[in-house]
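J.: Okay, sequence plus prediction incoming.
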Amino acid sequence: QVQLVESGGGLVQAGGSLRLSCAASGGTFSTYAMGWLRQAPGKEREFVAAIIWRAGSTLYVDSVKGRFTISRDYAKNTVYLQMNSLKPEDTAVYYCAEKRTFGSLRNGWEYDSWGQGTQVTVSS
C-alpha cells in the first residue's frame, strides 16, 4: 500500500496562496490517479481536484476552478496543489489520496490510500 505524507498547510489571509505537497512512497506503479479532498468542521468531505497519474489529465470542483492547480512530479512521486486567491470558505483539512482503479475521481470512497491531512486556515 502506498504511504502518503502531506505538507504545506498553514494560516493565510484571504487572497493569499499556499502550495500543498503530497509525497508518495511504497510504489506508484499501480496508481491510476491522485486526488486532493478536504473536510471543513461540521461538513462532509469534499472532492477538490484530481490528476490522472500517467496522463496528467486534471479535474476540479467548480468552486476552485481558476484558483487551484493540481500537478505532479512523476520522478519524485509527488503531487502538488497550488492554491491561489484563497477564501475563508477554503478553510479545511486537506487530504491527499491515491486511487488505483479506473472510475469516478470525485467519490472519496473510491480512493485506496490516504494521507494524514494538513490544515489550511484562511482568515478574512
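T.: That came through fine. Numbers count the residues shown, from 1 in each chain.
J.: From now on I want contacts and neighbour counts done on CA atoms only, so please keep to that.
T.: Will do.
J.: quick one, what contacts residue 103?
T.: Applying CA atoms under 8 Å, 6 or more residues apart in numbering to residue 103 gives the contacts residue 110.
J.: which element is it on?
T.: Secondary structure assignment for residue 103, by DSSP states H and E: no helix or strand.
J.: got the phi/psi numbers for it?
T.: Main-chain torsions, residue 103, degrees, to the nearest 10: phi 150, psi -170.
J.: ditto for residue 105
T.: Note on residue 105: its backbone torsions stand at phi -90, psi -10 [degrees, to the nearest 10].
J.: Measure how buried the nearest residue to residue 25 once chain neighbours are set aside is and give me the count.
T.: Spatial nearest neighbour of residue 25, chain neighbours left out: residue 3 (5.2 Å); criterion: CA to CA, 6 or more residues apart in numbering. Residue 3 has 17 neighbours, counted by other CA atoms under 10 Å.
J.: any idea how far residue 3 is from residue 33?
T.: 14 Å (CA to CA, to the nearest Å).
J.: quick one: what helix or strand has the spatially closest residue to residue 36 that is not a sequence neighbour in it?
T.: Of all residues not flanking residue 36 in the chain, residue 96 sits nearest, at 4.7 Å (CA to CA, 6+ apart). Counting by DSSP H and E, the element that carries residue 96 is strand 92-99.
J.: And that strand, what's buried?
T.: Residues of strand 92-99 classed as buried by neighbour count (16 or more other CA atoms under 10 Å): 92, 93, 94, 95, 96, 97, 98, 99.
J.: Indicate each strand paired with the very next helix or strand once past that strand and its parallel or antiparallel sense.
T.: Following strand 92-99 in sequence order, the next helix or strand is strand 113-114 (DSSP H and E). If you go by DSSP bridges, strand 113-114 pairs up with strand 92-99 (antiparallel).
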